[in-house]
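In: with the sequence up front, the predicted model follows.
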Amino acid sequence: MVMTNLKLDPEMITPISEINFEHLDEKYKRVQVIGIALSYLFLMGLSLFLLLTDNIWWCISFEIALAIALAINLSIISRAYQIKGYALREQDITYRSGLFFTKTITIPFSRIQQVTIKQNPISKICQLYAVEIVNGAQGFLSLNIPGLTESTAKQIKNLLTDKLRRDND
């Protein structure tokens, strides 16, 4: 493999803001709603233990606060979903997430060490998968792209492993 270190013209580089990101599967919103609802139901169940303190107002206040937090979380899921996405480019893969503080992670193919496809129990119900990419950098160990259909997850994994195989030959 011939390596070069040519000077790059900043005008020729595509800015991150102009990358066309592929959106995650629409069912991923449902997975997030189920996960959030289960978490809050668990917390609401735990808060019932406040009844043991003989102060019903603490319990009611805590339940109301949790219900308000649940409503806020559920209302922002759609907006957060629209931001999440991935982009496969010639030399790297990029993933973007975050509603208030958008985080964009780019991993060059040359740093990728391992690619796996995973499912959690809620994703399994909705038949969605996640691709986990482990890289060789010390500061950031892996990238997880959730909310993919089985065919998309397999395509990404195959593309990345084929690229790694070609680069190592």
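Out: Sure, I can see it.
In: I13 - how many residues pack around it?
Out: For I13, the number of neighbouring residues by other Cβ atoms under 10 Å comes to 9. Backbone N, C-alpha and C define where each C-beta goes, glycine included.
In: same thing with F109?
Out: 19.
In: for I145, same thing?
Out: Neighbours of I145 using other Cβ under 10 Å come to 23.
In: domain parsing of this structure, as residue ranges.
Out: 28-80, 85-168 (automatic domain parsing).
In: and the longest one, how far from the chain's centre?
Out: Put plainly, it is domain 85-168. On the basis of Cα atoms, centre = their mean, to the nearest Å, domain 85-168 sits 9 Å off its chain's mean C-alpha point.
In: so the residue lying closest to N20 once chain neighbours are set aside: helix, strand or coil?
Out: The spatially closest residue to N20, leaving aside those adjacent along the chain, is A87, at 6.7 Å (Cβ to Cβ, 6 or more residues apart in numbering). Assigned with DSSP: H, G, I helix; E, B strand; the rest coil, A87 falls in the strand class.
In: can you report how many residues neighbour A87?
Out: A87 - counted by other Cβ under 10 Å - has 17 other residues nearby.
In: how about I133?
Out: 23.
In: what lines up beside the helix or strand where it lies in the sheet?
Out: Here I133, judged by DSSP states H and E, is contained in strand 129-135. When pairing is defined by DSSP bridges, strand 129-135 lines up against strand 112-118 (antiparallel), strand 142-148 (antiparallel).
In: what's the closest of the ones you listed to T161?
Out: Evaluated with Cβ to Cβ, the strands paired with strand 129-135 place strand 112-118 nearest to T161, the distance being 5.7 Å.
In: what angle do the helix or strand that contains V33 and strand 142-148 make?
Out: Element membership of V33 [criterion: DSSP H and E] is helix 27-47. Going by axes from the mean of the first three to the mean of the last three Cα atoms, to 10 degrees, helix 27-47 is angled at 100 degrees with respect to strand 142-148.
In: so which elements touch the helix or strand hosting N158?
Out: Assigned by DSSP H and E, N158 belongs to helix 150-168. Under the contact criterion of 3 or more Cβ pairs under 8 Å, 6 or more residues apart in numbering; DSSP states H and E, helix 150-168 touches strand 85-88, strand 112-118, strand 129-135.
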